[in-house]
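A.B. asks: following is a predicted model, sequence given first.
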Amino acid sequence: MMKARRSAILQHARQAAGCSVVAAFEPENVFYLTGFWGEAIAVCTENGTKLIAPRLEYWRAEKTSIDCEVILTERGGELISTFVSQIKNSRACTDCSDYSTVESVRKQGGDIIVVNTEPFFQTRRIKDESEIRIIAKASRILDKLYGICEDEIKVGLSERDLQAKLIYEAMKMGANPPSYKSTLNPLIIAGGPNGALPHAEVTDRKFRKGDMIVVDLTLRHAGYIADATRTFALGSASTEMKKVYAVVQESQKAGLDAAKAGATCGQVDAACRDLIAERGYEKLFIHSTGHGIGLDVHEPPWLRMKNGEVLQPNMAVTVEPGIYLENKFGVRIEDSIIIVNNGKPQVLNRFTKDLVVVG
């Protein structure tokens, strides 16, 4: 699998930027090319892959990397000097977005370095068998956590209490929360009016009878992300809540039906969005329908309006329409799925999408 990944990314780098060397600085791409997640630079050529690691990471890199020559160096300037020594007289494609680092490389003689992340994402868009197995395992963990939600959500429990319980149970099952800059919390747990905020931060608000509770779980297992959302009703659901839930459930099914190889990302978005609009909630669906998942929480392809990118077999994406009524409640339903050669996608999440009334 690793050999195929390296071959594919080198091919994409040649096509996109005329490069014969690929240099990964971002931890996700280093991991993708080497199996090591940490502070290091991966240098990939047709002759092999080298992993340049500072002393504090060297032994871990030696232990976990796959079919790499691990080169010992030090942090800072020596790390860059060692990297430059490996790419001199070559045209290198890199994912490094740090201006000062790129300038330092160029000043030290690595003048033919091209910053272009597309070859990395182009290769990572299509998952191999091992990646799909890991994402499927991560999705099964999410399903078990929704079973815990069904048992644990009660009047008086806070959003933060539920998050703590779920993180604890997830880690016992081998999953970890991802780290990303756009949120202060690892999960989205939003009760009552907080559920009307698609990216609500977890608070100390306690659940109340009659709440709709949005639980969006994004967790990493063996490096890879699974992402799902379920919305629970506590005690009872009003007529309006049931109506909105039914529309979102129908919209999500329409999106899943549309998510076939050969369809565009925009067509999947339209399948969800048009149905919600037909039911009169067009202005209350305020985000895109989905995104790619893998080593990043959000990565290409993007299931959003008018995106003409064509879905291909073995892409891993989410389908997650929602309706949000300001200061009242929100409903979102989300699955992680794999696009297949023929027919409907492989839906990785199995926890029911019928409205579950808890407590």
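C.D. replies: All right, it came through fine.
A.B. asks: burial count for Val115?
C.D. replies: For Val115, the count of nearby residues is 15 (other CB atoms under 10 Å). Placement of C-beta: from N, CA and C, glycine included.
A.B. asks: report the separation between it and His291.
C.D. replies: When CB to CB, to the nearest Å is the yardstick, Val115 and His291 sit 23 Å from each other.
A.B. asks: next, the distance between the ends of stretch 7-25.
C.D. replies: 18 Å (CA to CA, to the nearest Å).
A.B. asks: now stretch 20-34
C.D. replies: Taking CA to CA, stretch 20-34 runs 18 Å from one end to the other.
A.B. asks: how far away from the center of its chain is it?
C.D. replies: 18 Å (CA atoms, centre = their mean, to the nearest Å).
A.B. asks: same question for stretch 18-31.
C.D. replies: So, by CA atoms, centre = their mean, the centroid of stretch 18-31 is 19 Å from its chain's centroid.
A.B. asks: list of residues touching that stretch?
C.D. replies: Contacts to stretch 18-31, defined as CB atoms under 8 Å, 6 or more residues apart in numbering, come from residues 6, 9-10, 13-14, 32-33, 36-46, 51, 83, 87, 90-96, 98, 101, 113-114, 119-120, 124, 223, 295-296.
A.B. asks: need the helices for the protein, in chain order.
C.D. replies: 2-17, 27-34, 55-64, 77-87, 99-107, 118-124, 129-152, 159-172, 239-258, 265-278 (DSSP state H).
A.B. asks: okay, these in JSON lines with mean neighbour count, mean pLDDT and distance to Val214 next?
C.D. replies: As requested, the helices of the chain are exported to JSON lines (neighbours: other CB atoms under 10 Å; pLDDT from 0 to 100; distance: least, CB to CB, whole Å):
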{"stretch": "helix 2-17", "mean neighbour count": "17", "mean pLDDT": "95", "distance to Val214": "36"}
{"stretch": "helix 27-34", "mean neighbour count": "22", "mean pLDDT": "98", "distance to Val214": "27"}
{"stretch": "helix 55-64", "mean neighbour count": "15", "mean pLDDT": "98", "distance to Val214": "36"}
{"stretch": "helix 77-87", "mean neighbour count": "18", "mean pLDDT": "94", "distance to Val214": "43"}
{"stretch": "helix 99-107", "mean neighbour count": "14", "mean pLDDT": "92", "distance to Val214": "39"}
{"stretch": "helix 118-124", "mean neighbour count": "20", "mean pLDDT": "97", "distance to Val214": "29"}
{"stretch": "helix 129-152", "mean neighbour count": "18", "mean pLDDT": "98", "distance to Val214": "11"}
{"stretch": "helix 159-172", "mean neighbour count": "17", "mean pLDDT": "98", "distance to Val214": "10"}
{"stretch": "helix 239-258", "mean neighbour count": "19", "mean pLDDT": "98", "distance to Val214": "11"}
{"stretch": "helix 265-278", "mean neighbour count": "21", "mean pLDDT": "98", "distance to Val214": "16"}
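A.B. asks: let's have the ones you listed in a markdown table, adding distance to Asn194.
C.D. replies: As requested, the helices of the chain are exported to a markdown table (distance: least, CB to CB, whole Å):
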| stretch | distance to Asn194 |
| --- | --- |
| helix 2-17 | 41 |
| helix 27-34 | 30 |
| helix 55-64 | 40 |
| helix 77-87 | 44 |
| helix 99-107 | 38 |
| helix 118-124 | 33 |
| helix 129-152 | 16 |
| helix 159-172 | 7 |
| helix 239-258 | 15 |
| helix 265-278 | 21 |
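A.B. asks: what are the buried residues along stretch 199-217?
C.D. replies: 200, 202, 205-207, 211-217 (16 or more other CB atoms under 10 Å).
A.B. asks: which among these gets closest to Ile135?
C.D. replies: Checking these against Ile135 by CB to CB gives Leu217 as the nearest, at 13.6 Å.
A.B. asks: residues contacting that closest one?
C.D. replies: Counting by CB under 8 Å, 6+ apart, Leu217 has contacts 142, 145-146, 166, 170, 187, 226-229.
A.B. asks: perfect, I'm done here.
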